[in-house]
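A.B. asks: sequence first, predicted coordinates after that:
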There are 2 protein chains.
Amino acid sequence: MLSIELKNRRDKIRRLMLQKEIDALLIATNVNMIYANGSMVSGYLYIPLNAPSYLFVKRPNTIVGENVLSIRKPEQLPELIAQCGLPSPKRLALEGDDLTYRDYQRLAACFPNVEVLPCATTLVREARSIKTAFEVELFRRSGKLHADAYAQIPNVYRAGMTDRELSIEVERLMRLTGCLGIFRVFGQSMEIFMGSLLAGDNAATPSPYDFALGGEGMHPSIPGGANGTLLKEGETFMVDMGGNYYGYMSDMSRVYAIGSLCEEAYKAHQVCIDIQNEIADHVKPGVVCEELYQIALERVRQAGFADYFMGVDQKARFIGHGVGLEINESPVIASRIATKLEPGMVFALEPKIVLPNIGPLGIENTWVVTSDGVEKLTNAPEEIVLL
Amino acid sequence: MLSIELKNRRDKIRRLMLQKEIDALLIATNVNMIYANGSMVSGYLYIPLNAPSYLFVKRPNTIVGENVLSIRKPEQLPELIAQCGLPSPKRLALEGDDLTYRDYQRLAACFPNVEVLPCATTLVREARSIKTAFEVELFRRSGKLHADAYAQIPNVYRAGMTDRELSIEVERLMRLTGCLGIFRVFGQSMEIFMGSLLAGDNAATPSPYDFALGGEGMHPSIPGGANGTLLKEGETFMVDMGGNYYGYMSDMSRVYAIGSLCEEAYKAHQVCIDIQNEIADHVKPGVVCEELYQIALERVRQAGFADYFMGVDQKARFIGHGVGLEINESPVIASRIATKLEPGMVFALEPKIVLPNIGPLGIENTWVVTSDGVEKLTNAPEEIVLL
């Protein structure tokens, strides 16, 4: 990766550090390391406010460079920082929402005379929420491959399949188009394999996870997604896979049906597309996330589908979410979210309806906020695909 | 799941609480929840030392039961505990190695007059390290399905494939035999999709992760495993997938070759199998993990393969690891590990050699310590499979 790109990212973090009067920030967890270092390394990335960053590497032992030093354990950090000719920090930020309690305490104890603050997660996630042109281009390329995989779904469907069997073939299509497979999530609120394929009434099954729709899953240890439902005529299924082609989680859902559906289903589907399009028309820098959420609620109420919007018995309380190296980044498009949109924010918008005895309907695409509007990053037909 | 099984698990945790004079333990993270509750639920499982446990559920909203209450936020915990007729705890254990620093602090602040200790992770992981008969049976069934998937690998191999292409087909076989896909890891030291397929010299590529072997991977955001190497005559590849069929990570590696190999390769492979068998003969309750590691080092030195054992330029410093709901549990089979084996401990043993210009050789199986020895849980031919 271009070192100028990485410097830009770290300088974005530094500007946020300056606002909080923080003179050094230590990255010790995987996703933030990928962001600020450009590749996953086991070790520590030390970012001083007014000096170049240093990488202290545990593994792999093959990394060398001007500002790279080897480290075995965190207790060496103060000594290594001094060796680099850097002053001891006054206010040091650690990743309070990424590090475990004990790892945080161990790191903090390495700096006994330093004011240690747990705000590094918040700062780095804020920096990460505004994607660079480089990152947006990776999303664009990811969106194309993601759409390529979905375009082949009709070719792998065979009559008599269950949701799980078709999901396996879709996972393979994703992998064959280059998906790295791993589904990265911030925190404990979501766990999933590559994504979900939800068919019929299973799409309305409440789950412990914070996805837009739930699903029973195949086992109580991972209760979400496909549950073995037979794919049958008159019902729909929705494919919602995480498209991690270059580290970035593009997010995209499409609806499929075997044979034709009742009128109500087409109507509900179109309501979701209309909501998406109305919101997209409304998106520009400065717009508050909550406004977008209210547009969706208003439209779905007018259309008479409020009871089935974003789940039935248990509803998701958002219609969109930032995406990036993780599936759940800032901003969240939900009630009481006052975040103002900025150019470079990338988010998934997923108005979805689940109709009893029919299944899931609606749409999900990934979008980037531009200087005067929004660009769709996952371009593919949006109507229900008949198999 | 049988409620008696779950009660046994929680009573095992209680016995460890008693030793540490802890009168209540709170589970708030996913894997420990699956262990002690039998299914994943978003919320809190409160385990008092001398009273039945209570489940405080955020999601799904469908869970009901005698000792189940609904909760929105952790600040309600003291009030709900009182509602259950339970006294306020004196010494409360939280999961210090699972919870993030900020989540831990928030939970601890809910109990201002309580001595809060971060040892719940350690206690629950110790309980988890000794599997019940029920859990061992799940491993046995998992091992059979895992072996079934590997048995079909020769059917999906086609000449001219890359490691990545074949890996995708193996992943599909795993899924078709029932693998849930998700690969659960404790901590940040490992990230992988379903497992790895390492071919030729790529098996010796150092990675940031703490797996037995590394691999370059396809992208710097997930630098491990297949890197696009063409599978070719005279070289080997190793399949090492995580077999999560019932929540439990069975672990198993087998070696494949296209056409025949040089004598050295067969010799190295046999050394690993001999090490495995000698260690298996040695395993019984009371044996110290370090002893097993020393047996391996001694044998591989005698055989002249020490330079290529467990990697080349960067070597793994273990030959085995406990497995369970996560791939990295107790015990670790490594130097300076004084843990004594106990009946019910389940571990993967993976003596592996990487020969330059040939590739990976060796074996990995999952084993359970019995009352007088050890039982192999992943039974399949161990010789190099010629394609």
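C.D. replies: Structure received. Numbers count the residues shown, from 1 in each chain, chains lettered A, B, ... in the order given.
A.B. asks: what kind of secondary structure is A:K58 in?
C.D. replies: strand (DSSP: H, G, I helix; E, B strand; the rest coil).
A.B. asks: up against chain B, what does the stretch 101-250 of chain A have?
C.D. replies: A:101-105, A:118, A:121, A:165, A:168-169, A:171-172, A:175-176, A:178, A:180-182, A:187-189, A:191-194, A:206-210, A:214, A:218-223, A:246-247 (Cβ under 8 Å from any Cβ of the partner chain). From N, CA and C alone the C-beta is placed, and that goes for glycine too.
A.B. asks: try it again at 6 Å.
C.D. replies: A:101-102, A:104, A:118, A:168, A:172, A:175, A:180-182, A:188, A:193, A:206-208, A:219-223, A:247 (Cβ under 6 Å from any Cβ of the partner chain).
A.B. asks: export stretch A:118-136 to PDB, keeping only CA atoms.
C.D. replies: What follows is stretch A:118-136 as a C-alpha-only set of coordinates in PDB (Å, rounded to 0.1, in the frame of the first residue of the first chain):
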ATOM      1  CA  PRO A 118      -9.300   4.500  27.100                       C
ATOM      2  CA  CYS A 119     -10.400   6.600  24.100                       C
ATOM      3  CA  ALA A 120      -8.200   5.200  21.400                       C
ATOM      4  CA  THR A 121     -11.000   2.900  20.100                       C
ATOM      5  CA  THR A 122     -13.300   5.900  19.800                       C
ATOM      6  CA  LEU A 123     -10.700   8.100  18.000                       C
ATOM      7  CA  VAL A 124      -9.600   5.400  15.600                       C
ATOM      8  CA  ARG A 125     -13.200   4.400  14.800                       C
ATOM      9  CA  GLU A 126     -14.000   8.000  14.100                       C
ATOM     10  CA  ALA A 127     -11.100   8.200  11.700                       C
ATOM     11  CA  ARG A 128     -12.100   5.000  10.100                       C
ATOM     12  CA  SER A 129     -15.700   6.200   9.600                       C
ATOM     13  CA  ILE A 130     -14.500   8.600   6.900                       C
ATOM     14  CA  LYS A 131     -13.000   6.500   4.100                       C
ATOM     15  CA  THR A 132     -10.200   7.800   2.000                       C
ATOM     16  CA  ALA A 133     -10.500   7.800  -1.800                       C
ATOM     17  CA  PHE A 134      -8.200   4.700  -1.800                       C
ATOM     18  CA  GLU A 135     -10.600   2.900   0.600                       C
ATOM     19  CA  VAL A 136     -13.700   3.900  -1.400                       C
END
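A.B. asks: in that stretch, what's buried?
C.D. replies: Neighbour-count burial for stretch A:118-136 flags A:118-131, A:135-136 (criterion: 16 or more other Cβ atoms under 10 Å in any protein chain shown).
A.B. asks: tell me which of those is nearest to B:A159?
C.D. replies: When the buried residues of stretch A:118-136 are compared for distance to B:A159 (Cβ to Cβ), A:E135 comes out closest, at 38.8 Å.
A.B. asks: and the strands in the stretch 51-200 of chain A?
C.D. replies: For the stretch 51-200 of chain A, the strands defined by DSSP state E, counting those that start in this stretch cover A:54-59, A:68-70, A:91-93, A:115-117, A:195-199.
A.B. asks: who does the first one touch, helix- and strand-wise?
C.D. replies: Going back to what we said before, that points to strand A:54-59. On a contact count with 3 or more Cβ pairs under 6 Å, 6 or more residues apart in numbering or on different chains; DSSP states H and E, strand A:54-59 meets strand A:42-48, strand A:68-70.
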